[in-house]
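Participant: this one's structure only:
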């Protein structure tokens with residue numbers, strides 16, 4: 001990850017856990033040294049690349065993810081809140097197309113499995 005303000009690069013590995021309520025998914029992140037990152041990068045796996053932009057809104061900061069590679073064209077927005085009550089009070093921004101929190105197809109692990117041809121179909125169908 002490259003900080004858009006300071007340009008500092010942070011190498012990290014994150015895992016979101018599946019739980020019955022997708023509004024309260026635990027997330028664990030560990031920061032990696034360049035050597036640790038190189039070890040993980042050499043392993044076979046599925047990459048998910050995105051650029052996140054922070055956009056201020058009335059409901060708090062919105063993270064806008066612009067996907068790259070096979071998922072180019074897919075854009076997702078995320079609003080995080082400190083508790084369930086404040087999250088329930090968030091109004092979907094008028095520019096947002098659809099609420100996808102409850103759709104497993106939009107979770108990172110599922111998105112990472114798409115190859116280019118399936119990703120193009122997925123993005124086209126998702127934006128209907």
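Facilitator: Right, received. Where do you want to start? Just so it is clear, the model here is predicted, and its values are computed rather than measured.
Participant: Could you use CA atoms for every contact and neighbour count after this?
Facilitator: OK.
Participant: Low-confidence regions, this protein specifically.
Facilitator: For the chain, the stretches flagged by pLDDT under 70 are 1-6, 127-128.
Participant: How is it divided into domains?
Facilitator: Structurally, the chain divides into domains by the TED database as follows: 1-44, 47-127.
Participant: could you dump these to a markdown table with mean neighbour count?
Facilitator: Formatted as a markdown table, the domains of the chain follow (neighbours: other C-alpha atoms under 10 Å):
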| stretch | mean neighbour count |
| --- | --- |
| domain 1-44 | 11 |
| domain 47-127 | 14 |
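Participant: Ramachandran coordinates for the residue sitting furthest away from the middle of the chain?
Facilitator: In the chain, the greatest distance from the average C-alpha position (C-alpha atoms, centre = their mean) is reached by residue 35, at 24.6 Å. Phi and psi for residue 35, reported as degrees, to the nearest 10, are phi -70, psi -40.
Participant: Equivalent analysis for residue 14, please.
Facilitator: Torsion angles, degrees, to the nearest 10, at residue 14: phi -120, psi 150.
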